[in-house]
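Engineer: Quick one: sequence and predicted model below, then my questions.
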Amino acid sequence: MASERVTDLVLEGGGVKGIALVGAAVALSDHEYRFARVAGSSAGAVVGAIIVAMQQRGESMSRVDDVMRTVNYRAMLDRRAIGRGLAWWPNAANAWGVLFHLGAHRGAYLQQWLAGVLGDLGVRSFGDLRLDDPESCLPPERAYRLVVTASDLSRQRVMYLPWDLPRYGRSADSYPVARAVRASSAIPFLFEPVRVKSRFGTVTLADGSLLRSYPIDAFDRTDGRPSRWPTIGVRLSSPAGERAKAKPVTGPLSLLTNLVFTTVDSTQVRHVSDPVDADRSIFAKPKGVRWTDFDLTAVQQQSLYEAGYAAAERWMRQHPGGWPRVEKSAD
């Protein structure tokens, strides 16, 4: 339609708080935004995969919210047989999973659920998300509607799926989208990481939020040419954390937790402090819900959705022309 606004969309990771990402995306869609490509990490990868599949199928963006409401968050905490046998002693079950499989929970439910959702929309592998865009300056191996980040623990670097798969000796087109999202969502110690056989040997992939929770610059041009459309990002954290309260380190568990959060936050500082990136970011910080609250109630889910929707509405009032006031080039 004539009033349609094209943009690339970037979605930050944030566990169960990812429902707020859906609210922001629906708000943008309600104002005639269409997403050319989507990049995301962890929860942002989950939501992003559904968004691109829905949009490619011509479905209403509101259906993304309908689909996300079908997630059984408690079922995400799936265990292997021995872990289920130790259900009466959760700490022992968690320890067994971490010790023998590097994660307390399998993560199989998420992959199976997402594979079913995407399959119903005609998307199974990244080949189903190929983007025919002759005006793009991106190389052919990056011509996809979706890219998700994962942390390659074996080679200590961020991995962009499917972009980096050919360098690992794997076919990008044939790699399952749900498997890539599962890797991007593998929170350390909570979920088992994903192993991928590659020309470097077997590599272990974990939560993309460890290294690139918010890949806001994924689609930025580097050739100096003007952008065809902007990139808009949605964050689940606040624009600044200078006044954040201290989180005491009182034992091994809190040390490990704070270490992970410090690692994640430190990789995002540049994007928080950069005024250009901040200007093209919607800050949808939900309150009262932790990213690992897998016992979400329907009321909490609705609150998360509304927080994201309201944040996007505020951002659009500040950007009535549809473009960020300060612009970086997006291909």
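Structural biologist: Yep, that arrived.

Engineer: Paired strands for the lengthiest strand in the chain, with orientation please.
Structural biologist: As assigned by DSSP state E, the longest strand anywhere in the chain is strand 33-41. Applying DSSP bridges, strand 33-41 is found paired with strand 5-11 (parallel), strand 146-152 (parallel).

Engineer: and the first one, what's its mean pLDDT?
Structural biologist: Averaging the model's pLDDT scores along strand 5-11 yields 94.

Engineer: Could you report the separation of residue 68 from residue 49?
Structural biologist: 11 Å (Cβ to Cβ, to the nearest Å). Glycine gets a C-beta too; all of them are placed from N, C-alpha and C.

Engineer: So these two - more neighbours on which side?
Structural biologist: residue 49 (26 against 21; other Cβ atoms under 10 Å).

Engineer: which stretches of the stretch 51-200 of the chain form helices?
Structural biologist: 62-68, 81-85, 90-101, 108-120, 177-184 (DSSP state H, counting those that start in this stretch).

Engineer: closest one to residue 283 among those helices?
Structural biologist: helix 62-68 (20.0 Å; Cβ to Cβ).

Engineer: list the buried ones in that closest one?
Structural biologist: 64-65, 67-68 (16 or more other Cβ atoms under 10 Å).

Engineer: which one of those residues is nearest residue 18?
Structural biologist: Nearest to residue 18 among those is residue 68, at 7.9 Å by Cβ to Cβ.

Engineer: Show me what counts as buried in stretch 304-313.
Structural biologist: Neighbour-count burial for stretch 304-313, counted by 16+ other Cβ under 10 Å, picks out 304-305, 307-309, 311-313.

Engineer: mind listing which of these are in strands?
Structural biologist: Among the buried residues of stretch 304-313, no member lies in strands (by DSSP E).

Engineer: Name the spans of the stretch 101-250 of the chain whose pLDDT lies under the cut-off.
Structural biologist: 238-247, 250 (pLDDT under 70).

Engineer: Format the helices of the stretch 51-200 of the chain as CSV; extra columns: distance to residue 150.
Structural biologist: CSV is the format used below for these (distance: least, Cβ to Cβ, whole Å):
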stretch, distance to residue 150
helix 62-68, 21
helix 81-85, 24
helix 90-101, 18
helix 108-120, 13
helix 177-184, 4
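
Engineer: how about these, which one is nearest residue 230?
Structural biologist: helix 62-68 (21.0 Å).

Engineer: That closest one: how far from the chain's middle?
Structural biologist: Distance of helix 62-68 from the chain centroid (Cα atoms, centre = their mean, to the nearest Å) equals 16 Å.

Engineer: what's that helix in contact with?
Structural biologist: Residues outside helix 62-68 that contact it (Cβ atoms under 8 Å, 6 or more residues apart in numbering): 18-19, 22-23, 25-26, 29, 47, 50-51, 54, 117, 305.

Engineer: In TSV: those, plus distance to residue 142.
Structural biologist: Putting the contacts of helix 62-68 into TSV (distance: Cβ to Cβ, whole Å) gives the following:
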residue	distance to residue 142
18	24
19	29
22	26
23	29
25	22
26	27
29	24
47	21
50	21
51	18
54	22
117	25
305	31
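
Engineer: most neighbours, which of those residues?
Structural biologist: For the contacts of helix 62-68, neighbours tallied by other Cβ under 10 Å; top is residue 25, 31 neighbours.

Engineer: check which helix or strand covers it.
Structural biologist: helix 19-30 (DSSP states H and E).

Engineer: and which of the buried residues of helix 62-68 is nearest residue 14?
Structural biologist: Among the buried residues of helix 62-68, and counting by Cβ to Cβ, the member closest to residue 14 is residue 68, at 13.3 Å.

Engineer: For the closest one, give its distance to residue 45.
Structural biologist: Counting by Cβ to Cβ - residue 68 and residue 45 are separated by 13 Å.
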